[in-house]
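Student: Quick one, what's the 3D model for this:
(chains A and B)
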Amino acid sequence: MNFFTEIGRFMIFMKYVMKRPQKWSVFWKITFREMHNIGIESLLVVALIAFFLGAVTTIQTANQLLTPSDLFPTQLIPKFVVGSVVSTSAILELAPTITCLVLAGKVGANIASEIGNKKISEQIDAYEVMGINSASFVALPKIIAGLIMIPALIIAANFLLMFGGAIATKFTSALSFDDLIEGARMVFHPEYVRIMMIKSFIFAFIITSLSSYQGYYTEGGALEVGAAGTYAVTRICIFILFFDLVIAQIFLGL
Amino acid sequence: MITVESVGITLGGRKILTNINASFHPGVPNLVIGASGSGKSVFLKCLVGLLTPQEGKILYNDQDFLSLEYEQKQELRKEIGMLFQNNALFDSLTVEENVEFPLKMFSNMSKEDRKQRVNECLAKVNLVNSNHKFPSEISGGMKKRVGIARAIALPIKYLFCDEPNSGLDPLTSRVIDDLILQITTDLNITTVINSHDMKTVNDIGENIIFIYQGQKWWEGNKSILPVARAENPELDNFFKASF
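Tutor: Purely as a prediction, here's the structure:
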């Protein structure tokens, strides 16, 4: 199947997904369950990654900027610059992009496998024969749950990145906690948060819709269900990185 | 009543069904028989709209199913129950929740009424004390019964069964056959059964269609089968190979 045929099939899939749910009470019940699966179940892994990423970024940035070299004598670079670099990186790139790449592996593969398994075991056909819009029934609660929970996870990741950085300052003499916070405050710009939120909603949609699509069109057996998960993760990662570039160019390109 | 007129379908460049004509009547089990790969399952999927034939018409009481909009098809499907070959039970739901599912989706019944209806359906298929088990915890025969109970939970007019006896022992197969026959006559619904179980054909075959290499090869009922077999070598070979 060529690229354009696949785009067309994805658009048709989304046309059916975006239809009004047949029973709101059932829809919200499933959506809340999905919010738990996508959000709460991913909180630990996101928190751990954000914390360590923040700590490592702080240590490495401090090492690069504050180690004396022939090119930049240390005294020319104020220590708070490290804080500004870490906080800006956290808001613009580390929290939204890295978190979503991690979630592509955890949530994306899970959704693709779950829907793929329903497809090969004829459960999707059973929904259709009952008169239920199967695409909407299986995918829409996941997309809505993703659009609510993934941005929330990214906001949490942002704070945890800075917390990781703050803890890292306790283990290095090169930088103090006050330097980190001062740097973060100096370069903070609300526009950066807006860009982060735009990224988080777009990435959340990519993760949930692409993985649902991949699962929905699975054919074959257990092997194909596994392959659907792998394809979903690969495609989600490519699309996240592509849209990361597009958003950066639109909002921050000079 | 379901009428099929000149239905043909090509999948992946291969002609699967050619010029199929048939009528399926309410109150009697209608059987579609044929060897594996003859096109029976594709035919059933065409009837319920999971596949769309490129040729012909499928009429549900004179309503052309293939020309309906998606939403109209969904409305009509609320009158359809289907028993899948692999049961297609929702594996994350218990037996009770599986049967309750269509009621939750399409009725305004209270929780108590739904529970009562679920128990009625499970009693009808002789399945009691399994309400809280998951599909993975019950046997193949019990899964078929749950599938039937789920199919009849709402007041349906049409029941489709894809290989209802596959994977079952002969005794359980007879029980399932009897159950489908009883439901068909009691509810006076149009039932179409895909099967290659000859015992089923001999027991409940009131209206039989034999599909051979994607074409309707023979049509009749169990009483004229012996004569038909003598005149039709493909049908005779199919029966001989089945025992």
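
Student: any idea which element A:Val45 lies in?
Tutor: For A:Val45, the host element (DSSP states H and E) is helix A:41-66.

Student: So for that helix, what gets flagged as buried?
Tutor: Neighbour-count burial for helix A:41-66 flags A:42, A:46-47, A:49-51, A:53-55, A:57-59, A:61-62, A:65-66 (criterion: 16 or more other CB atoms under 10 Å in any protein chain shown). C-beta: built from backbone N, CA, C; applies to glycine.

Student: Which elements pack onto that helix?
Tutor: helix A:80-89, helix A:99-103, helix A:134-169 (3 or more CB pairs under 8 Å, 6 or more residues apart in numbering or on different chains; DSSP states H and E).

Student: Those: which one's closest to chain B?
Tutor: Proximity to chain B (CB to the nearest CB) singles out helix A:134-169 among those, at 8.9 Å.

Student: rewinding a little: looking at the helices and strands packed on helix A:41-66, which one is packed in the most?
Tutor: Stretch with highest mean neighbour count among these: helix A:99-103 (a mean of 25; mean count of other CB atoms under 10 Å in any protein chain shown).

Student: Relative to the whole chain's centre, how far out is it?
Tutor: In terms of CA atoms, centre = their mean, to the nearest Å, the centre of helix A:99-103 is found 4 Å from the chain centre.

Student: Packing partners of that helix?
Tutor: helix A:41-66, helix A:134-169, helix A:190-216, helix A:222-252.

Student: re the thing from before, from the buried residues of helix A:41-66, pick the one nearest chain B.
Tutor: Distances from chain B to those, taken by CB to the nearest CB, are shortest for A:Ser42, at 19.3 Å.

Student: check contacts around that closest one.
Tutor: A:103, A:106-107, A:149, A:153 (CB atoms under 8 Å, 6 or more residues apart in numbering or on different chains).

Student: redo that, cut-off 7 Å
Tutor: For A:Ser42, the contact set (CB atoms under 7 Å, 6 or more residues apart in numbering or on different chains) comprises A:103, A:106-107, A:153.

Student: just the residues of chain A that are near chain B, which are they?
Tutor: A:22-23, A:26, A:121-123, A:125-126, A:128-133 (CB under 7 Å from any CB of the partner chain).

Student: Mind listing residues that contact stretch B:120-135?
Tutor: Here stretch B:120-135 has contacts from B:89, B:91, B:94-96, B:99, B:138, B:142-143, B:145-146, B:148-149, B:152-153, B:179, using CB under 7 Å, 6+ apart.

Student: Could you identify which of those has the most neighbours?
Tutor: Highest neighbour count within the contacts of stretch B:120-135: B:Val99, with 29 neighbours (other CB atoms under 10 Å in any protein chain shown).

Student: My read is that that one contacts B:Gly147, right?
Tutor: No - B:Val99 lies out of contact with B:Gly147 (CB atoms under 7 Å); the separation is 9.5 Å.

Student: How about the spatially most central residue of chain A, nearest residue that isn't a chain neighbour?
Tutor: Centroid-nearest residue in chain A, with CA atoms, centre = their mean: A:Cys100, separated by 1.8 Å. Counting by CB to CB, 6 or more residues apart in numbering or on different chains, A:Cys100 lies nearest to A:Phe203, which is 3.9 Å off, once chain neighbours are set aside.

Student: tally of neighbours for that neighbour?
Tutor: Other residues close to A:Phe203 by other CB under 10 Å number 27.

Student: go on, B:Gly56?
Tutor: Count around B:Gly56 with other CB under 10 Å applied: 18.

Student: so where is the chain shaky, pLDDT-wise?
Tutor: No chain in the question, so chain A it is. A:72-75 (pLDDT under 70).

Student: my bad, chain B
Tutor: For chain B, residues meeting the criterion pLDDT under 70 lie at B:242-243.

Student: who in it is up against chain A?
Tutor: Going by CB under 7 Å from any CB, the residues of chain B near chain A are B:48, B:50, B:74-75, B:77-78, B:80, B:82, B:84, B:86, B:88, B:90, B:102, B:104-105.

Student: Give me the buried stretch members for the longest helix anywhere in chain B, please.
Tutor: Longest helix in chain B by number of residues (criterion: DSSP state H): helix B:170-187. For helix B:170-187, a neighbour-count test (16+ other CB under 10 Å) marks B:172-177, B:179-181, B:183-184, B:187 as buried.

Student: Can I get those residues in CSV including distance to A:Ile143?
Tutor: Formatted as CSV, these follow (distance: CB to CB, whole Å):
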residue, distance to A:Ile143
B:Thr172, 42
B:Ser173, 43
B:Arg174, 47
B:Val175, 43
B:Ile176, 39
B:Asp177, 43
B:Leu179, 40
B:Ile180, 39
B:Leu181, 44
B:Ile183, 38
B:Thr184, 41
B:Leu187, 39
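
Student: And those, which is closest to B:Glu231?
Tutor: B:Asp177 (26.7 Å; CB to CB).

Student: can you pull the contacts of that closest one?
Tutor: B:200, B:203-204.

Student: Which ChimeraX command selects the buried ones in those residues?
Tutor: In ChimeraX, this line selects whichever of the contacts of B:Asp177 come out buried by 16+ other CB under 10 Å:
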select /B:200,204
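
Student: For B:Asp91, which three-state class applies?
Tutor: On the three-state scheme (DSSP: H, G, I helix; E, B strand; the rest coil), B:Asp91 is labelled coil.

Student: What is the most widely separated pair among the contacts of A:Ser42?
Tutor: Checking the contacts of A:Ser42 with CB to CB, the most distant pair is A:Lys106 and A:Leu153, at 10.6 Å.

Student: now the strands for chain B?
Tutor: B:2-11, B:14-24, B:29-33, B:55-60, B:63-64, B:80-83, B:158-162, B:190-195, B:207-212, B:215-220 (DSSP state E).

Student: I'd like to know how many residues surround the closest residue to B:Val42 other than its chain neighbours.
Tutor: Once flanking residues are discounted, B:Val42 sits nearest to B:Ile16: 4.9 Å by CB to CB, 6+ apart. Using other CB under 10 Å, B:Ile16 has 20 other residues around it.
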